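> no sequence on hand, only this structure:
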């Protein structure tokens, strides 16, 4: 997260909503990249389980991750799935470590097809009120859209449009997270999810975030400022962010490679 730096630059969409710009200033820091690769790998497969999971196959740890768990590096749609998963995990880290939410990390461990996106809301996090006033509890849903290669494209608009659907997907996503905890017999955390499943009787604060993850090579201000959020189902609770950096797809592939090689 030390590489994620908020820019002084701030843009506005065509309907006047502010867009915060973050720069992802990654560097060749072996220790940080190695620790990040482990954190990244454990979203897909816990280090404590990988030997049991690959048992019965002929695969090494590296082969198991590359052939079974990770999206493919070159065969479509693998690269775009890699970019999307990377963006969602980066958003989850931002939500947990910067915005101080509790973010369950259960989205990728049960993927059955490596070259497919996981269904449901991209990233969801929770914050519990410290003063005992449950109505101040907060649920935040982030929709991420990545574009690290190719031509300019309004991924912020796509993120906004898809974020508008998160109110519909919320119930399914909460149920899926709760079920993952029940599968592990983690009653405490399943009950924490329950608190957010009936908003009508147990109200809470609800935020939506749309993030465009871009490479500096395909970032242009006019594409961002042309976005419009006025038709979002919860426009007043919507926050807009752009995260951009140099050679982002190269970083994505390096992180997957490290995650497999260092398993």
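Perfect, thanks for sending it. Source: prediction; values computed, not measured.

> okay, which residue is most central for this structure?
Ranked by distance to the mean C-alpha position of the chain (C-alpha atoms, centre = their mean), the top residue is residue 88 at 1.8 Å.

> what pLDDT does that residue get?
With respect to pLDDT, residue 88 has a value of 96.

> where does the stretch 51-200 of the chain dip in pLDDT?
In the prediction, the stretch 51-200 of the chain carries no residues with pLDDT under 70.

> just give me the longest helix of the protein.
Among the segments of the chain that qualify as a helix by DSSP state H, the longest is helix 166-183.

> which strands and helices sit next to it?
Using 3 or more C-beta pairs under 8 Å, 6 or more residues apart in numbering; DSSP states H and E as the contact criterion, the elements in contact with helix 166-183 are strand 123-127, strand 138-147, helix 187-194. (Glycine included, C-beta is placed from N, CA and C.)

> any idea how far that helix is from the middle of the chain?
Here helix 166-183 is found 15 Å from its chain centre; the criterion is C-alpha atoms, centre = their mean, to the nearest Å.

> pull out the buried positions in that helix.
Of the residues in helix 166-183, those buried under the neighbour-count criterion (16 or more other C-beta atoms under 10 Å) are 166-167, 169-170, 173-174, 176-178, 180-181.

> also stretch 245-253?
Quick answer for stretch 245-253 (16+ other C-beta under 10 Å): 245, 248-249, 251-252.

> kindly report the same for stretch 204-220.
204, 206-215, 218-219.

> name the nearest of those relative to residue 57.
Nearest to residue 57 among these: residue 213, at 33.3 Å, using C-beta to C-beta.

> who's in contact with the residue nearest to residue 94 when sequence neighbours are not counted?
Residue nearest to residue 94 in three dimensions, not counting chain neighbours: residue 4, with 6.6 Å by C-beta to C-beta, 6 or more residues apart in numbering. Applying C-beta atoms under 8 Å, 6 or more residues apart in numbering, we find residue 4 in contact with 22-25, 90, 94, 98, 243.

> how about a markdown table for those, with neighbour count, distance to residue 114 and secondary structure added?
Formatted as a markdown table, these follow (neighbours: other C-beta atoms under 10 Å; distance: C-beta to C-beta, whole Å; DSSP: H, G, I helix; E, B strand; the rest coil):
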| residue | neighbour count | distance to residue 114 | secondary structure |
| --- | --- | --- | --- |
| 22 | 20 | 29 | strand |
| 23 | 17 | 30 | strand |
| 24 | 18 | 25 | strand |
| 25 | 11 | 30 | coil |
| 90 | 22 | 19 | helix |
| 94 | 23 | 25 | helix |
| 98 | 12 | 29 | helix |
| 243 | 21 | 24 | strand |
